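Asks: 3D, please:
(chains A and B)
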Amino acid sequence: GEDVEQSLFLSVREGDSSVINCTYTDSSSTYLYWYKQEPGAGLQLLTYIFSNMDMKQDQRLTVLLNKKDKHLSLRIADTQTGDSAIYFCAQRGNQGGKLIFGQGTELSVKP
Amino acid sequence: SAVISQKPSRDICQRGTSLTIQCQVDSQVTMMFWYRQQPGQSLTLIATANQGSEATYESGFVIDKFPISRPNLTFSTLTVSNMSPEDSSIYLCSVDLEGASGEQFFGPGTRLTVL
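Replies: Here you go, the predicted structure:
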């Protein structure tokens, strides 16, 4: 079945790079997404990658996709305290627009 | 991108009552979705609401409990019926932008507490 797994917590120091990892099971995924959720807020679409791409870079964010291993990662360069939030990985299959979400990774950035 | 608003932003309700949540988008979209986020949990799709057809519900969700309306291409409602404390969650609508961009945007959510 469809499943998306993430580690639950990550703690980094301000200025370091953060790497949040995600694995998924559905090989028919068309798009994979990273969303950010701050306390008490909705979901903000950070970035997404089409399944035929290996990498996507957008300012401080780099997404790497290893389709063979069904592994997705989000790297945040020069992590700031404002990056503290929960980050959700999500996959989209090839039927309809349903997204399957991981459990979310809580990123804590210490000054 | 799309600008999505939801009403109410939060509510506290008594068990046995119903609440209707509204979702408004600033552009016409075919596909709208309703998700639930239980406390401390991830998001689960409740149903897909396409204009002009009945909503399609995911396993574990039924129309009698979560009736959905989609009267036009910019608006949808989700009703949480006969509420119990287990329905306390954040309810979020999302939309697919038209075309092949793949982007899916979420509303700010409705935080529901059932006493």
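Asks: Which residue is the nearest non-sequential neighbour of residue B:72?
Replies: Excluding the flanking residues, the one nearest residue B:72 by Cβ to Cβ, 6 or more residues apart in numbering or on different chains is residue B:51, at 6.4 Å. Glycine gets a C-beta too; all of them are placed from N, C-alpha and C.
Asks: quick one, what contacts that neighbour?
Replies: Listed by Cβ atoms under 8 Å, 6 or more residues apart in numbering or on different chains, the contact partners of residue B:51 are B:30, B:70, B:71, B:72, B:73.
Asks: neighbours around the last one, how many?
Replies: It refers to residue B:73. Residue crowding around residue B:73 was assessed by other Cβ atoms under 10 Å in any protein chain shown; the count is 17.
Asks: Hmm, residue B:31 and it touching each other?
Replies: No. Taking Cβ atoms under 8 Å as the definition, residue B:73 is not a contact partner of residue B:31, at 10.1 Å.
Asks: pLDDT below threshold where in chain A?
Replies: A:1 (pLDDT under 70).
Asks: and the helix or strand encompassing residue B:90, does that touch chain A?
Replies: Taking DSSP states H and E as the definition, residue B:90 sits inside strand B:89-96. Yes. Residues of strand B:89-96 are located near chain A by Cβ under 8 Å from any Cβ of the partner chain, namely B:92, B:94, B:96.
Asks: And the residue nearest to residue B:72, how far from residue B:76?
Replies: Going from residue B:51 to residue B:76 by Cβ to Cβ, to the nearest Å gives 9 Å.
Asks: Now residue B:64: closest residue in space that isn't a chain neighbour?
Replies: Nearest one to residue B:64, counting by Cβ to Cβ, 6+ apart, is residue B:81 at 6.8 Å.
Asks: roughly how far apart are residue A:95 and residue A:3?
Replies: Residue A:95 is 17 Å from residue A:3, by Cβ to Cβ.
Asks: returning to what we had before: dump the residue contacts of the residue nearest to residue B:64.
Replies: Residue B:81 sits next to B:18, B:64, B:65, B:66, B:67 when contact means Cβ under 8 Å, 6+ apart.
Asks: Do you know the pLDDT at it?
Replies: pLDDT, residue B:81: 98.
Asks: thinking again about what came up before, biggest separation within the contacts of residue B:81, which pair?
Replies: B:18 and B:64 (11.2 Å; Cβ to Cβ).
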